[in-house]
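# Test case, fold it:
(chains A and B)
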Amino acid sequence: MEDTSLSVKIESRGGSTILSPCGDVDMSRAPSFREHVRVAQQGKPERLVIDMGEVEYMDSSGLATLVEAMRNAKGQGIELVLCCLNPKVLAVFEIARLHQLFRIVPTVADAEGTA
Amino acid sequence: MDEKPHIRIELRSDPCYLAGVRQLIAGIAQRIGFDESSCSQVALAVDEALANVIRHGYCRACDRPIWISLWPSAETEEQGAGLRIEIEDEARHVDEAELCGRELDDPKPGGLGLHIIREVMDEVAYEKRKPRGMRLRMVKFAEKPTADDVSALSGE
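You can find the predicted model right below:
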């Protein structure tokens, strides 16, 4: 049976918390992703960077998690930035017309403002 | 549909099988001539359709049946190769309005699945299945190569 937990690396540096999920974010793994994002937001960082470089696939369950995260971030004064999206994942944002809702940048350094 | 499907699989309504189904669908789409982007789109549409069945039809029960049937079609003069997909279940009848949680211009979580399916597939139709359940019919056509594409491939 497949493990439904999503591997997520968490780093904090400067005022940023960087979440790096690894694997597909679909209906089976979105709850695990949502919990990691929720815990990261509870820490109230200035900036929450979600590095999607190791996410090969994401469906509307993952999108819904990120839309919820964006709403919570706005309410908490946290800057939410997405980076390193592969073309397939970016295409899902565009199909759902959500790419303009988020700040999406090419690299982690861009997201941290150090590029 | 009078012709027997080329492929028909039955799976349990467990989200852990979504990844395997996506790989299967993308692989078949690639073999019949879809480009990489279209393969991803068809796999996404099937993933979203199965998630809707599990979430809304079976209320997340993981042990109920879902059937996926596939009918590839050859390229014609009018259009590229096609892939017709039917997804059937024995779940309660779900109105499309229940699946269409929101408009795409309304940025809030959830309600995106059917919108995504309609965006990426060329034909989409829901109907009630007898004696019970729902049937989703979807069709996607590959883009026909242009004269320039053919010339480039032949090195002319």
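# does any part of stretch B:79-88 sit near chain A?
No: using Cβ under 8 Å from any Cβ of the partner chain, stretch B:79-88 stays clear of chain A, coming no nearer than 14.6 Å. Placement of C-beta: from N, CA and C, glycine included.
# centre of the chain versus the helix ranked longest in chain A, how much separation?
Longest helix in chain A, counting residues (DSSP state H): helix A:60-76. Relative to its chain's centre, helix A:60-76 lies at 9 Å (Cα atoms, centre = their mean, to the nearest Å).
# Is the helix or strand just after it positioned near chain B?
Counting by DSSP states H and E, the next helix or strand C-terminal to helix A:60-76 is strand A:79-83. No: Strand A:79-83 stays clear of chain B (Cβ under 8 Å from any Cβ), getting no nearer than 13.0 Å.
# any idea of the angle the helix or strand that comes right after strand A:79-83 forms with strand A:79-83?
Towards the C-terminus, the helix or strand next in line after strand A:79-83, according to DSSP H and E, is helix A:87-95. Angle, helix A:87-95 to strand A:79-83, by axes from the mean of the first three to the mean of the last three Cα atoms, to 10 degrees: 130 degrees.
# Does anything pack onto helix A:87-95? Which helices or strands?
When contacts are defined as 3 or more Cβ pairs under 8 Å, 6 or more residues apart in numbering or on different chains; DSSP states H and E, helix A:87-95 packs onto helix A:60-76, helix B:36-52, helix B:113-120.
# Please save the CA atoms from it in PDB.
What follows is helix A:87-95, C-alpha atoms only, in PDB (Å, rounded to 0.1, in the frame of the first residue of the first chain):
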ATOM      1  CA  PRO A  87       6.400  23.100 -16.600                       C
ATOM      2  CA  LYS A  88       3.700  20.400 -15.900                       C
ATOM      3  CA  VAL A  89       2.900  21.800 -12.500                       C
ATOM      4  CA  LEU A  90       2.900  25.400 -13.700                       C
ATOM      5  CA  ALA A  91       0.500  24.300 -16.500                       C
ATOM      6  CA  VAL A  92      -2.000  23.100 -13.800                       C
ATOM      7  CA  PHE A  93      -1.900  26.600 -12.300                       C
ATOM      8  CA  GLU A  94      -2.500  28.100 -15.700                       C
ATOM      9  CA  ILE A  95      -5.300  25.700 -16.600                       C
END
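# phi, psi of the most centrally placed residue in chain A?
With distances taken as Cα atoms, centre = their mean, A:I50 lies nearest the centre of chain A, 3.6 Å away. For A:I50, the backbone dihedrals (degrees, to the nearest 10) come out as phi -110, psi 110.
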